[in-house]
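Trainee: Quick check, what structure comes out for this input:
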Amino acid sequence: MPKFSAIVLAGGSGKRMGSEIPKQYMRLNGHPVLCYCLKAFEKSPVDEIILVVRDGDEAYCREEIIERYQIKKCRKIVSGGRERYDSVLSGLSCAEGDYVLIHDGARPFLSEELITRVMDAVVKEKAVVAAVPVTDTIKEVDEMEYAVATPDRSTLRAIQTPQAFERALLLEGYRKLQAEGDGLSKVTDDAMIIEQTGLSRVKTVMGDYNNRKLTTKEDKIWANFFAKSVDEYYAL
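Mentor: This is a model prediction of the structure:
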């Protein structure tokens, strides 16, 4: 049976939310944002969780989140780096799974169903991303902010995490882009690694509209409301 590692990235700053507390540690109904996705992975079929945090946050996360919320599948807590890809590589270097699921800790309301859906797909496809159909009309604009095109909405997807990959494939992609010098500088998600190197096609699987990334103050208002039902499910 293949093994699966979940790499949870929790090194954000919370600046865009106007918060002095990193958003992954902000409280939703008294519980840190980060604990919610960790609880989902804990109850899912993944074999291990690797938590990647800011340098210096390791002890806090171990005591206040991993131990307090009984995340027993968390095998390691490691420090990340300056850029997102540095943090991913830090997690990849100690993951033991044949496949890795990479998830943003600022997306608290990850469901076990979505995790399983992504796991099933990556075994068949090698590279998959959770995504939802775009519901708004999208405009392409020029440098002066004038609309120049309206893409066909039916072909557009809003990409989420988790993104899952055959671990060896993703590592090969990172090595190839690293060899190009600044090849990683424009990477915004891990799927781009595979897209740019052409190592595999990337399959989208249906995500979840509740699997939102907390970015703005308005997001937190919604999250506090939604968290009430999740608290009951996890008996928090």
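
Trainee: Show me what the lengthiest helix in the chain is packed up against.
Mentor: Among the elements of the chain assigned as helix by DSSP state H, the one spanning the most residues is helix 217-234. Here helix 217-234 touches strand 27-28, helix 33-43, going by 3 or more C-beta pairs under 8 Å, 6 or more residues apart in numbering; DSSP states H and E. Where C-beta positions appear, they are placed from N, C-alpha and C, glycine not excepted.

Trainee: In contact with residue 197, which residues are there?
Mentor: By C-beta atoms under 8 Å, 6 or more residues apart in numbering, the contact set of residue 197 is 172, 173, 176, 177.

Trainee: Repeat that for residue 226.
Mentor: By C-beta under 8 Å, 6+ apart, the contact list for residue 226 reads 109, 210.

Trainee: does the residue positioned nearest the centre of the chain count as helix, strand or coil?
Mentor: Averaging the C-alpha coordinates of the chain gives a centre point, and the residue nearest to it by C-alpha atoms, centre = their mean is residue 103 (2.1 Å). Using DSSP: H, G, I helix; E, B strand; the rest coil, the secondary structure recorded for residue 103 is strand.

Trainee: got a list of what it touches?
Mentor: For residue 103, the set of contacting residues under the criterion of C-beta under 8 Å, 6+ apart consists of 6, 7, 8, 9, 37, 41, 110, 161, 162, 163.

Trainee: Am I right that the last one is in a helix?
Mentor: No: following the definition three-state DSSP, residue 163 is strand and is not counted among the residues of a helix.

Trainee: Show me the beta-bridge partners of it.
Mentor: residue 102, residue 129 (DSSP bridges).

Trainee: i'd like the first residue to be 611 from this point on
Mentor: Done: numbering now begins at 611, and the last item shifts to residue 773.

Trainee: Turn the contacts of residue 807 into a markdown table, including neighbour count.
Mentor: Converted to a markdown table, the contacts of residue 807 look like this (neighbours: other C-beta atoms under 10 Å):
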| residue | neighbour count |
| --- | --- |
| 782 | 16 |
| 783 | 25 |
| 786 | 15 |
| 787 | 20 |
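
Trainee: which of these lies closest to residue 844?
Mentor: residue 783 (34.5 Å; C-beta to C-beta).

Trainee: so is the closest residue to the closest one other than its chain neighbours in a helix, a strand, or just coil?
Mentor: Across the structure, with C-beta to C-beta, 6 or more residues apart in numbering as the measure, the residue nearest residue 783 apart from its sequence neighbours is residue 803 (4.0 Å). For residue 803, the reduced secondary structure class is helix; criterion used: three-state DSSP.

Trainee: quick one on the thing from earlier: please narrow the contacts of residue 807 to those residing in strands.
Mentor: Among the contacts of residue 807, no residue falls in strands (DSSP state E).

Trainee: returning to that earlier point: distance-wise, check the residue nearest to residue 783 relative to residue 734.
Mentor: Here the distance between residue 803 and residue 734 works out to 20 Å (C-beta to C-beta, to the nearest Å).

Trainee: which other helices and strands contact the helix or strand harbouring residue 768?
Mentor: Assignment of secondary structure by DSSP states H and E places residue 768 within strand 767-776. Here strand 767-776 touches strand 709-714, helix 722-735, strand 737-743, helix 800-807, going by 3+ C-beta pairs under 8 Å, 6+ apart.
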